[in-house]
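give me a 3D structure for the following:
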Amino acid sequence: MADYNFRELESKWQRYWEENDVYRTSNLSEKPKYYILDMFPYPSGAGLHVGHPLGYIASDIVARYKRLRGFNVLHPMGFDSFGLPAEQYAIQTGQHPAVTTETNINRYKEQLKALGLSYDWSREIRTGNPSFYKWTQWIFKLIYNSWYNNTSNQAEPIEALIEILEKEGNAAINAACDSDTPLITAKEWREYTEKEKEALLIKYRLTYLSDSTVNWCPALGTVLSNDEVKNGFSERGGHPVIKKNMPQWSMRITAYADRLLSGLDEIDWPEPVKEIQRNWIGKSAGVEIDFQIENTEEKIRVFTTRMDTIYGVTFIVLAPESELTSLLTDPEQKEEVNAYIETVKNRSDRDRMSEVKNITGVFTGSYAVHPFSGKKIPVWIADYVLAGYGTGAVMAVPGGDQRDFDFAKHFDLPIVQINDAQKITETAADPTKDGKIIHSDFLNGLTPKEAMEKGMEEVEKRGIGTRKVNFRLRDAVFGRQRYWGEPIPVFYENEIPHPVDNRELPLELPSIDEYLPTEEGAPPLGRANDWNRQGNPYELSTMPGWAGSSWYFFRYMDPSNENEFCGKKALEYWRDVDLYMGGSEHATGHLLYSRFWTKLLYDRGYVGVEEYAKKLVNQGMIQGRSNFAYRIKGKNTYVSKGLKDNYDTVPIHVDVNIVNDDILEVGAFKDSRPDAKDATFILEDGKYICGWETEKMSKSKFNVINPDTLIKKYGADTLRMYEMFLGPIEQSKPWNTNGIEGVFKFLKKYRSLFYPNGAFEVSAGKAAHEELKVLHAAIRKVTEDAERLSLNTSVSTFMITVNELSALKCNKREILAPLTVILSPFAPHITEEIWSLLGNKSSIVNAVYPELKEEYLAEDTFEYPVAINGKMRTKINFPVNVGKEEMERRILANEVIRKWMEGKTPKKVIVVKNKIVNIVV
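Presented below is the predicted three-dimensional model:
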């Protein structure tokens, strides 16, 4: 038999698919549509390691399966090509980010194509191409020229708002807007200057410019979103991040908070992702209540969902960055307060909310007056309160809230019991909603639920507050002070922002001499010559990394359209994504912002869906399997794993590519480490055995496996099937190259079915019942697996099927041709070759999925468990159509049963058809 020359075979069919546009998808089809999408990657310089293709392979298998089932499948790929890494490299080398990005994309495409992925490359998009970001800029303009009408519960054109202002002012307008929006009459509006009108409109626009407290990273020269900051440092590069006030573009995503929350019930997304978004949006209903500051006209407004605990308030805490902080700080406390504020500036909101062990705070020197009891309450500042959430102040109830409790204990502040069911200890508060209210004047004797309502009624009656629904979600900072991003299509005339005319889009990135901020601290675009429109300067910030990814799924539907972001017919046909594959780490970034943009496009009548992805699957992470050599401390000597406990050793990461079955290639190790060149190695049975551990796959741990290496050694089909074989797609699992050999052998065994005598040969003979049973069992299992994405068990099924057909010496076309079709989504190259050798002129992609015939799976016999007085004693096979009397006769004659019966006469023999038999004695 000719060798399985997978390199030649795979190269041949990849050329064929590309030259013949096999995977090109039409928008004009009578077939039902199926849109399957991978989250497009940022093309890093490192290329792909074996963990990256897991989701790509799984989605490709589903795409191929759906094509075989008669669907018109849209399966595109593109690149999120704007990003900080390319800009950082440009800063270091002076090379334009576009050059670096192009090189990286070409590397990615080479690797993706080598995997045999069935992407329609004619639809490729790149967020960094002007032809794409023209429409990102267009959508920015659309959002800028929109306001959110709470009455109609949707975004509407800004012109509709202007029309209302012209006729009746804004007293009756119920809109998502800034809290300090003034009330004006129609007459006042008409008398406004252009600048004054824009100053009012910007308070309603869904994209707006305002002074904001932002996460500023000096080293990167840009603003970062909350999800890009970890423990006070930038996620990219690990640079310090500080809080800074600056003019900043933002998007009013908060207008959509309720719809983003309720929309989660309409989509088939993983529950953990939904829960993350629910918590991030953070809806809570309660009351805002005013606390008067002692001896002043100033008030602190706080929000609470637990009005039943109002008499448990013993202090108030302000966010350090609150505007009230400076007003309420006593001169004697000023130095300490200012020092604390400076410290807090360097911490992200996420860090401040998650840190519970390190308790910090400062007394302002001021007191508030309790709105009901009239008692004096000290006012503190602490980092666990955020200016951006609620009112930026909390009424602290240490008896019922653990953070307040810990703070009170730390600073020796009073703790009051206000519920008879509370069990407050020396270390813990009790937030119970059981019991009855005590020590609370007019609320005494009520249940917490009753007290909440009574308390809110009293607040409204006294005019000291109002009911309110709050959200944790903040408006999204949109501008970035960097070069490599979409230019914001705005110019300034007399300090008023004006969107660029649609005819001038795309507003393309200009050339600059350096990719750093200017000497004056302006963003890099400040270095550009003639960066203005007729003398009026363009915006110097660029869009964030999530801009292009917030709508790219629509562009794939109609990527060459020069007149619209997506044509109406394409939108009507493809509508939304049927299956979206990507990581859960994007839950509060891309996966939230993209839902927001889709809802806005829906409101403005440009798309027909509120949710762009029906189903989301988060693929698990493939973890690295690290190897270790053990160096004896103080010596240049390495000892094998089994002997290391005899010495004092230090584990050293070893490049896994020079380890086979945990046996180290000593010569290669010496070559890889200059300090090991003259090292001594203490071996076991002539071998150096490495230790191993499961860790994240990364260069620093020397455990990165390049898919190119495995494809060269085993072929893409083997790698595809092995990645699926590792375990369920949603679960994380460790990589172990040692198991790949078994999949490679399986493909060779599958191929050998077609080469019974050394040459390709299939029989035209009629298949036997047993052969048909094996085939249709495989069809049923693989079909079920594909529908529920249990692709790992399909690989096992194929192995069992090939083993059984080999045992039957099956070589019949009637069996092997359908088997080849169902295997083709997993191993497209070898099956395409076999399909061609079977005499088919068209690609196997165009084949028809074999029909499952259940009659071949009907069992002739059933194995009955036989019990005596409820205890199972043996199992006996019977024909499925055997009569009860015959069964009883044969059971009682069975030697095992006779032994257990001990000569006794049965009282009854109970037969449950195709289930069990029980003998009662």
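
which is the next helix or strand following the helix or strand that contains residue 452?
For residue 452, the host element (DSSP states H and E) is helix 448-462. Elements were assigned by DSSP H and E; along the chain past helix 448-462, the next helix or strand is strand 465-471.

can you list the strands that the next helix-or-strand element following that next one pairs with?
Using DSSP H and E, the next helix or strand after strand 465-471 towards the C-terminus is strand 476-477. Paired strands of strand 476-477, with direction, are strand 242-251 (antiparallel) (DSSP bridges).

quick one: low-confidence parts of the stretch 501-650 of the chain?
Across the stretch 501-650 of the chain, nothing is flagged by pLDDT under 70.

do the same with the chain
1-2, 212-213, 221, 225-227, 346, 348-356, 388-390.

for it, longest helix please?
helix 769-788 (DSSP state H).

for that one, packing partners?
Applying 3 or more C-beta pairs under 8 Å, 6 or more residues apart in numbering; DSSP states H and E, one finds that helix 769-788 contacts helix 53-68, helix 791-807, helix 813-823. All C-beta atoms are positioned from the backbone trio N, CA, C, and that covers glycine.

for the longest one, packing partners?
Counting contacts by 3+ C-beta pairs under 8 Å, 6+ apart, helix 791-807 is packed against helix 716-725, helix 740-752, helix 769-788, helix 813-823.

can you tell me what sits against it?
By C-beta atoms under 8 Å, 6 or more residues apart in numbering, the residues outside helix 791-807 that reach it are 58, 61, 721, 724-729, 743, 746, 749-750, 752-753, 771, 774-775, 777-778, 781-782, 785-786, 815-816, 819, 823, 826.

please indicate which of those residues are buried?
Neighbour counting by 16 or more other C-beta atoms under 10 Å classes 58, 61, 721, 724-727, 729, 743, 746, 750, 753, 771, 774-775, 777-778, 781-782, 785-786, 815-816, 819, 823, 826 among the contacts of helix 791-807 as buried.

can you pull the contacts of the spatially most central residue of the chain?
In the chain, the centroid-proximal residue (C-alpha atoms, centre = their mean) is residue 584; its distance is 2.5 Å. Applying C-beta under 8 Å, 6+ apart to residue 584 gives the contacts 270, 272-273, 276, 618.

selection in ChimeraX covering whichever of the residues you listed are buried, please.
Selection of the buried residues among the contacts of residue 584 in ChimeraX, burial being defined by 16+ other C-beta under 10 Å:
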select :273,276,618
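
about what we covered before: could I get the helices and strands packed on helix 769-788 as CSV with distance to residue 709?
Listed next are the helices and strands packed on helix 769-788 as CSV, based on distance: least, C-beta to C-beta, whole Å:
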stretch, distance to residue 709
helix 53-68, 13
helix 791-807, 21
helix 813-823, 25
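
and residue 477, which of the ones you listed is closest to it?
Set against residue 477 and scored by C-beta to C-beta, the helices and strands packed on helix 769-788 come closest in helix 53-68, at 29.0 Å.

please list the outside residues in contact with the closest one.
Taking C-beta under 8 Å, 6+ apart as the rule, helix 53-68 contacts 34, 36-39, 73, 75, 112, 115-118, 579, 581-583, 617, 619-620, 622, 707, 719-720, 723-724, 729, 786, 789, 791, 821, 824-826, 828, 845-849.

what about it, distance to the chain center?
Distance of helix 53-68 from the chain centroid (C-alpha atoms, centre = their mean, to the nearest Å) equals 19 Å.

go on, stretch 775-795?
For stretch 775-795, the distance to the chain centre is 26 Å (C-alpha atoms, centre = their mean).

how far away is the nearest residue to residue 525 once chain neighbours are set aside from residue 492?
Closest residue to residue 525 apart from its sequence neighbours, by C-beta to C-beta, 6 or more residues apart in numbering: residue 540 at 4.5 Å. Using C-beta to C-beta, to the nearest Å, residue 540 is found at 10 Å from residue 492.

of these two, who's got more company?
Neighbours around residue 540 and residue 492, counted as other C-beta atoms under 10 Å, are more numerous at residue 540. The numbers are 21 against 16.

contacts only, for that one.
Counted by C-beta under 8 Å, 6+ apart, residue 540 has contacts 481, 522-523, 525-526, 531.

now tabulate those in TSV and tack on secondary structure and neighbour count.
TSV is the format used below for the contacts of residue 540 (DSSP: H, G, I helix; E, B strand; the rest coil; neighbours: other C-beta atoms under 10 Å):
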residue	secondary structure	neighbour count
481	coil	24
522	coil	14
523	coil	21
525	helix	24
526	helix	16
531	coil	18
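
out of those, which one sits closest to residue 612?
residue 481 (29.6 Å).

and that closest one, what does it touch?
221-223, 517, 523-524, 540-541.

residue 370: which of those is nearest?
Nearest member of these to residue 370, counting by C-beta to C-beta, is residue 223, at 39.7 Å.

the nearest residue to residue 487 once chain neighbours are set aside: neighbour count?
Spatial nearest neighbour of residue 487, chain neighbours left out: residue 507 (4.8 Å); criterion: C-beta to C-beta, 6+ apart. Residue 507: 22 surrounding residues under other C-beta under 10 Å.

identify the residues contacting residue 507.
Counting by C-beta under 8 Å, 6+ apart, residue 507 has contacts 137, 487, 489, 500, 538.

does it count as helix, strand or coil?
Residue 507 falls in the coil class when you classify it by DSSP: H, G, I helix; E, B strand; the rest coil.

now it: how far from residue 592?
27 Å.

could you do residue 274 as well?
Distance from residue 274 to residue 592, by C-beta to C-beta: 11 Å.

neighbour count winner among those two?
residue 592 (23 against 18).

can you tell me the closest non-neighbouring residue to that one?
Nearest one to residue 592, counting by C-beta to C-beta, 6+ apart, is residue 277 at 5.9 Å.

do the same with residue 898
Nearest one to residue 898, counting by C-beta to C-beta, 6+ apart, is residue 892 at 7.5 Å.

next helix or strand past the helix or strand hosting that neighbour?
Assigned by DSSP H and E, residue 892 falls within helix 884-893. Later in the chain than helix 884-893, the nearest helix or strand by DSSP H and E is helix 895-901.

most tightly surrounded among the helices and strands packed on helix 769-788?
Among the helices and strands packed on helix 769-788, judged by mean count of other C-beta atoms under 10 Å, the one packed with the most neighbours on average is helix 53-68 (a mean of 24).
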